[in-house]
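[1] Need the 3D shape of this:
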Amino acid sequence: MTADANPAFAAQLGRELTLYDAVDQLFGTRIGETLNELLIKGLMDFFDEGQSIWRMPGRRQGLFRAWSRIARRNRRLKMRGMDVGAILAETDQPEVMIDRVMRRLGVPEAFWMDNFTLELSKLHGWAGFVRWRAQARHYYWQERNPADLVDFLAIRLVLALALLEDAGRRLKRDLSWPALKAFAETHPHECLLRRELNAGSVLPDFAHRIEVTLERGDPARLDALFLEYERVKRAREARTRAARIQAMAERAGIARDQLLGYPDHRLLQLINGLYALKASEGMTWTRALEQTYRDRLLAALGPTLANAKTPGAANQLDANNQEDLSSPCESVQALFCIDVRSERLRRQLELLGDYETYGIAGFFGIPLSFIEFGKGHETALCPAVVQPQNVVVEMPHTHAKVSHSLYELAHEVVHDLKNTVLAPYVTVEAVGLLFGFDMVGKTFAPRAYNTWRQRLESQKPPLRLLIDKISEEEARELITHLQDEMIIRAAERHFGIKREALTNPMIRELREIALGQRRGRGSLFADRFDIEPASEAVFIRSLQVEYRVNPDQARIQLEHLAKIGFRHQRQAQLVGNALRSIGLSRGFGRTVLVVGHGSTSENNPYESALDCGACGGDQGLINARIFAAMANRREVRELLVKDGISIPEETWFIPLLHDTTTDEILPADLDQLPPALLTRMTRIQEDLTAAGRLCALERCRELKEQGVGSPETAARRVKRHALDWTQVRPEWGLSRNASFIIGGRALTRGLDLDGRAFLHSYDHRLDPQGRLLESILSGPLIVAQWINLEHYFSVVDNEGFGSGSKVFHNITGRFGVMSGNLSDLRTGLPAQTVLKGDRPYHKPMRLLTLIEAPLPLVQGLLDRLYKPRELVRNGWIKLLVLDPQNGCLQGYESGAWAPIDAKTSREARSVSA
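    Next up is the predicted model:
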């Protein structure tokens, strides 16, 4: 601590410190903390998505204007001394407000961008959410209640200005940028002592003296005290560092006398070396961890790598083309997501019988938005890097009205009661028994209670997926029916006229008038019910505006309906691309399993982190069902034959769901299977159950479960975890993910990769132009790297980049998680996902990617693809390429390719072991 450091403090103003940061450090105020609290409360009100029953008014005007209207009338802010109303009275434009606040604070324009960056980083979780909302163009709540970072920044600066002006009045100081800068430059000793005192880093025996001297304000005493304090603190820091160096030397075998005998320049070299090591220590351990894992992986792949050269591969491929494609092979083929949790299941299934497994991104190459039955919004079931253009709708086979079950009805009553002002009077008496029974059942007997509860809940009616495109004629007919229904409802609401009194000609005529297809006054409807022309005009206008029976809305509805489903040509293209990308274009078995995955857990805001990343954090069953339905379609297979893929008539694709918490694999759409396949499916289900139990046993051992000695016991234990709402860790999820392997299954078949590898099937012989590999590098690899970095940063700094402990989490607004009742939005993963106690469970390593393909092909793709190229060149992906044409293994490091001797790696690994 020296006086020379204070000019740096002055230079930090506006660049590394906001004005209120400096004021808090110099005068012990808590402006930053108060500012965050006030801003978070406003953001919670605005962004609420239905959790609160009392909605913030005026949200359709946008974040800044809605907050401004309320803040101007907020008496609590006025009572705290914050004259927010006077500031907001100047303008309602957020951009103008930002400009005026910065000028009022006197911050030079050259510092504005740095200052804005500081402000956005104060609540990086909320700022990140606002930024995402602003970019989510089709997100319902963003369209309804718009917000962006300009609004966010304007509100923050208004509150900061009000708090600074209030603090200035109380401290009787000018707290603008010029005044604070001048104070730091003219009172360097006083500023340093104030920062030491308010930061809590002051020497305890000096704290009282410094506080008293600052209150007296005598410059001479302040300078003298500073010099004494500086001398004492330096001496104590020197003794502390000397003791640490001595202890370190003793551990290294250097005696105290020997250390003290070193000349000064040798000691200085030692100290500088220690500090240099400290600066790079984290990366040193990271590289060692990565190298150890790489050596182990290459050692496991050793026999395969030794025989990597495949002479005559093209001839073999030509021979395969001559096979009898009309007869399916006897093995069962299964398509799994590349998720690391699928590696265990694939390995166990292959050990049980004649199964061929393939890895593919869990959306199975079908980018879509899905509208579930009973819900009116779309869910994108594809990676975030893909924009879906098609919509699939879940429709009932029958039009029977679905009744609510006893439990669902009670749940709605509870939700309404606990969000009203009468809740304290009636909740306990009205629903206390229901709540208590639910709590006891979920806590002490989750499996039995869940079984009983499912019996109470009503089942959905038989449902089907609307996959095919509907014709324009069908779409117009559907819109006409919808418009007629709106007219019937409007007639009853406005005039009390029931459907029985309306004739179809009346309804049709009203529709045509509202759509502008018929002119003139008077209608059959008005004549029949003696409605005045003025009332009829009001009714027609209501149909157009309130019920949206108008030409513009009809055109929008037609556009929406045009997105539903896929044309047969598009279905064949998607299925063909997916099959080629994994090397399955011939030799189909009689049964091809399409296995999506998802996770089951109770009371878990992070459940989507356990679902399928390739499906946008949702379950993959819908994509599996759609892919299977397309591949089973006769019209699609006929188109595929023209494209070089012949699927035998006996081959049937069956969708299944792998529950990664329980390792249960459940088939779907069995009612659509041919009768002859049901018997075969029974045997397959037995194998799937056995493989799932073996996986459960592996995972129970990793979870350190006690008393689990058999696969059956393990299956029961993980099932309980999935239903137990007190379970903070139902499964480890994707923790410990470390590698991404793109190549044939022959590379890894039979190897225990410990559930740490993403496995994507790929056959370079089917992809001479590299188009399939390009899609893998641009999609699945990017998503896998996101997952890897999400775990990496969450484990290296769980409080900063992760989300801390689940124990303190609360859901806010149905869109995010906070710690306690007021905090920044938590980002990243919770401690229970990446930590085991206070030690890392996930190993913080960058993603090691191994590609089985010709090196020139990979190099050409990296030169062309921006995102993969930057991730590789900047070191976020550690890339290895196994060239099957010459058997060479090449690695990219420090901007260059270099051969890797797998044998040397294996020998090094054996020595270290």
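[2] For Val96, see how far away Leu880 is.
    In this view, Leu880 and Val96 are 55 Å apart by CB to CB, to the nearest Å. The C-beta positions use only the backbone N, C-alpha and C, and glycine is treated the same way.
[3] Correction: the previous question concerned Leu670.
    63 Å.
[4] List the buried residues in the lengthiest helix in the chain.
    Using DSSP state H, we find that the single longest helix of the chain is helix 264-300. Buried residues in helix 264-300, counted by 16 or more other CB atoms under 10 Å: 270, 286, 290-291, 293-300.
[5] same check, this time on stretch 45-63
    45-48, 56, 59, 62-63.
[6] How about stretch 681-696?
    Residues of stretch 681-696 classed as buried by neighbour count (16+ other CB under 10 Å): 681, 684, 687-696.
[7] same thing with stretch 180-190?
    Those would be 180-181, 183-184, 187-190, for stretch 180-190 by 16+ other CB under 10 Å.
[8] Stretch 646-662 now?
    646-648, 651-662.
[9] pLDDT averaged over the helix or strand just after the longest helix of the chain - what is it?
    With elements assigned by DSSP states H and E, the helix or strand that comes after helix 264-300 is helix 302-306. In this model, helix 302-306 has an average pLDDT of 76.
[10] Tell me the buried residues in helix 302-306?
    304-305.
[11] helices or strands up against that helix?
    Contacting helix 302-306 under the criterion 3 or more CB pairs under 8 Å, 6 or more residues apart in numbering; DSSP states H and E are the following elements: helix 902-912.
[12] for the chain, which spans come out with low pLDDT?
    Scanning the chain with the threshold set as pLDDT under 70 gives 1-7, 306-327, 374-377, 397-462, 520-521, 902-913.
[13] Which of the buried residues of stretch 45-63 fall in helices?
    Per DSSP H, the buried residues of stretch 45-63 map to helices at 45-47, 63.
[14] from these, which is closest to Phe758?
    Of all those, Phe758 sits closest to Phe47, with 33.9 Å by CB to CB.
[15] The residue nearest to the closest one when sequence neighbours are not counted and Gly616, how far apart?
    Setting aside the residues directly before and after it, Phe47 is nearest to Gly813 in space (CB to CB, 6 or more residues apart in numbering), at 5.3 Å. Distance of Gly813 to Gly616, given as CB to CB: 20 Å.
[16] now do Thr812
    Taking CB to CB, one finds Thr812 at 21 Å from Gly616.
[17] next one: Ala147
    Ala147 is 22 Å from Gly616, by CB to CB.
[18] What of Leu163?
    40 Å.
[19] more neighbours, those two?
    Leu163 (25 against 21; other CB atoms under 10 Å).
[20] Just to be sure, the more buried one is in a helix?
    Yes: read with DSSP: H, G, I helix; E, B strand; the rest coil, Leu163 is one of the residues of a helix.
[21] Quote the end-to-end distance of stretch 328-344.
    One end of stretch 328-344 to the other measures 27 Å (CA to CA, to the nearest Å).
[22] Adjust the sequence numbering to begin at 404 for everything that follows.
    Understood, numbering begins at 404; the last thing we discussed is stretch 731-747.
[23] Pull out the buried residues from that stretch.
    Counting neighbours by 16+ other CB under 10 Å, stretch 731-747 gives 731-732, 734-747 as buried.
[24] got it, and stretch 1106-1123?
    1106, 1108, 1111, 1114, 1116-1118, 1120-1123.
[25] mind putting these in TSV, distance to Ser1226 and secondary structure included?
    Shown next, in TSV, are the buried residues of stretch 1106-1123 (distance: CB to CB, whole Å; DSSP: H, G, I helix; E, B strand; the rest coil):
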residue	distance to Ser1226	secondary structure
Leu1106	29	coil
Glu1108	33	coil
Val1111	37	coil
Pro1114	42	helix
Thr1116	40	helix
Ala1117	37	helix
Ala1118	38	helix
Arg1120	34	helix
Val1121	32	helix
Lys1122	34	helix
Arg1123	32	helix
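[26] Among these, pick out the one closest to Leu491, please.
    Distances from Leu491 to the buried residues of stretch 1106-1123, taken by CB to CB, are shortest for Leu1106, at 53.9 Å.
[27] show me the contacts for the closest one.
    Residues in contact with Leu1106, defined by CB atoms under 8 Å, 6 or more residues apart in numbering, are 1132, 1134-1135.
[28] now these in CSV, with secondary structure and distance to Glu915?
    Shown next, in CSV, are the contacts of Leu1106 (DSSP: H, G, I helix; E, B strand; the rest coil; distance: CB to CB, whole Å):
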residue, secondary structure, distance to Glu915
Arg1132, coil, 62
Glu1134, coil, 58
Trp1135, coil, 62
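[29] Strands of the stretch 654-803 of the chain, start to end?
    735-740, 758-763, 772-774, 782-783, 794-799 (DSSP state E, counting those that start in this stretch).
[30] Just name the most buried of these.
    Comparing the strands of the stretch 654-803 of the chain by mean neighbour count (mean count of other CB atoms under 10 Å), strand 735-740 ranks first with a mean of 25.
[31] to the chain's geometric centre, what's the distance from it?
    The chain centroid and the centroid of strand 735-740 are separated by 26 Å under CA atoms, centre = their mean, to the nearest Å.
[32] quick revisit: out of the buried residues of stretch 1049-1065, who's nearest Leu905?
    Distances from Leu905 to these, taken by CB to CB, are shortest for Pro1058, at 44.3 Å.
[33] pretty sure the closest one is touching Gln1022, no?
    No: using CB atoms under 8 Å as the test, Pro1058 is too far from Gln1022 to be in contact (11.6 Å).
[34] Now list whatever residues contact both of the two.
    Shared contacts of Pro1058 and Gln1022, counting by CB under 8 Å, 6+ apart, come down to Gly999.
[35] returning to that earlier point: just the closest of the buried residues of stretch 1084-1099 to Gly685, please.
    Of all those, Cys1098 has the smallest distance to Gly685: 34.1 Å, by CB to CB.
[36] Now do the one helix or strand the closest one maps to: which elements does it pack against?
    Assigned by DSSP H and E, Cys1098 belongs to helix 1078-1105. Using 3+ CB pairs under 8 Å, 6+ apart, the elements in contact with helix 1078-1105 are helix 743-755, strand 994-1001, strand 1055-1062, strand 1067-1070, helix 1114-1126.
[37] Who are the packing partners of the third one?
    Put plainly, it is strand 1055-1062. Against strand 1055-1062 (3+ CB pairs under 8 Å, 6+ apart) you get helix 743-755, strand 994-1001, helix 1024-1035, strand 1067-1070, helix 1078-1105.
[38] ditto for the second one
    Where contact means 3+ CB pairs under 8 Å, 6+ apart, strand 994-1001 is packed against strand 735-740, helix 743-755, helix 1024-1035, strand 1055-1062, helix 1078-1105.
[39] Could I have the CA atoms of that strand written out in CSV?
    Output of strand 994-1001 as CSV, limited to C-alpha atoms (Å, rounded to 0.1, in the frame of the first residue of the first chain):
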residue,chain,number,x,y,z
THR,A,994,-35.9,-53.6,-35.7
VAL,A,995,-34.4,-50.1,-35.4
LEU,A,996,-34.8,-48.5,-32.0
VAL,A,997,-34.9,-44.7,-31.9
VAL,A,998,-34.1,-43.8,-28.2
GLY,A,999,-34.6,-40.3,-27.0
HIS,A,1000,-33.9,-39.4,-23.4
GLY,A,1001,-35.1,-37.2,-20.6
